[in-house]
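>>> Turn this into a model:
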Amino acid sequence: MENSDSKIAELTESRQELLGRIQNLKLDLQNWRTKLDGQVKVYRDELSQLKQSLTTEVEQLRTEFQDLRTTLQQQQEDVTVSLKNLGDDSGETKEAGSPRNAEIAQDLP
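Modelled structure (predicted):
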């Protein structure tokens, strides 16, 4: 009887140790998940800020390129008018006002 009682006590002790280990593993897993969730939130926030910043910069570049395009078109028109006026003043027909140059001016970004 003593032999079976000692075995039962040994198994009970072993069971308690295993349950303790399982509890510790569960706590470790829960802590790991909490830490991971926190890191994911930080990364998402950072990505969101970067996306917003990038969107702002892209919009700014679009505006700058549109302004540049408008300026270049205006300069092209000014040059075309100046060359046409030069041609009119000298009695010659210049190519600046030709349909081909108008196409080139339209193709400018």
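>>> Can you tell me the centre-most residue of this protein?
Lys51 (4.2 Å; Cα atoms, centre = their mean).
>>> On the pLDDT front, check that residue for me.
Predicted confidence (pLDDT) for Lys51: 98.
>>> and it, what does it touch?
Applying Cβ atoms under 8 Å, 6 or more residues apart in numbering to Lys51 gives no contacts. In short, each C-beta sits where N, CA and C put it, glycine included.
>>> all helices of the protein, in order?
Along the chain, counting by DSSP state H, helices occupy 2-90, 99-107.
>>> Lowest average pLDDT across the ones you listed?
helix 99-107 (a mean of 58).
>>> measure Gly20 to Glu10 for me?
16 Å (Cβ to Cβ, to the nearest Å).
>>> Likewise for Leu50?
59 Å.
>>> now Gln30
Note on Gln30: its distance to Glu10, by Cβ to Cβ, is 31 Å.
>>> and what of Gln74?
Taking Cβ to Cβ as the measure, Gln74 falls 95 Å from Glu10.
>>> Check Gln76 too.
Relative to Glu10, and taking Cβ to Cβ, Gln76 is found at 96 Å.
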